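**Q** predicted coordinates and the sequence they were generated for:
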Amino acid sequence: MCLSIPGKLIEITSQLDETFRIGKVSFDGILKEVSLTLVPEANVGDYVMVHVGAAISTIDEDEAKKTFDLLKELGELHDLDVAEGN
C-alpha cells in the first residue's frame, strides 16, 4: 500500500530557486530530507504530507497529528525505522 506520511518542515536545507527546494522534515523526531518542489507554498513550521521522498501537499497541524498517530497505531511507519542521514 502506498501512503503519504505527515511531518513537520523544520528547515530548508537547499534551494535552487523558489520552486526547487529541499527541506528537513521531522516525523516524530526522525529527520528526513524531502523534496519540496510540489509544495512551493510550504514554509518552515508547516506540516506536509510526504510520499516517496517528496512533499505532495500541506496539512494543518491537528490533522497531521491525528494522521500520524493513526499510522503509528496501524504499524504503517516501518519505512521510518531506517534512519537515513539524520
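**A** It's in.
**Q** can I get the helix or strand of the chain with the lowest mean pLDDT in CSV, CA atoms only?
**A** Ranked by mean pLDDT, DSSP states H and E, the weakest helix or strand in the chain is helix 61-74, scoring a mean of 89. Taking Å, rounded to 0.1, in the frame of the first residue of the first chain, the C-alpha atoms of helix 61-74 are listed here in CSV:
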residue,chain,number,x,y,z
GLU,A,61,-1.2,20.6,12.5
ASP,A,62,-4.2,18.9,14.1
GLU,A,63,-4.9,16.7,11.1
ALA,A,64,-1.2,15.9,10.7
LYS,A,65,-1.0,14.7,14.3
LYS,A,66,-4.2,12.6,14.0
THR,A,67,-3.0,11.0,10.8
PHE,A,68,0.5,10.3,12.2
ASP,A,69,-1.0,8.7,15.4
LEU,A,70,-3.3,6.6,13.3
LEU,A,71,-0.5,5.4,11.1
LYS,A,72,1.6,4.6,14.1
GLU,A,73,-1.3,2.6,15.7
LEU,A,74,-1.7,0.7,12.4
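**Q** packing partners of it?
**A** Other helices and strands packing on helix 61-74, by 3 or more C-beta pairs under 8 Å, 6 or more residues apart in numbering; DSSP states H and E, are strand 5-15, strand 47-51. Glycine gets a C-beta too; all of them are placed from N, C-alpha and C.
**Q** in stretch 8-18, what's buried?
**A** Residues 8-9 are the ones in stretch 8-18 that count as buried (16 or more other C-beta atoms under 10 Å).
**Q** and the contacts of it?
**A** When contacts are defined by C-beta atoms under 8 Å, 6 or more residues apart in numbering, stretch 8-18 is touched by residues 21-26, 31, 33-34, 36, 40, 42-48, 55, 64.
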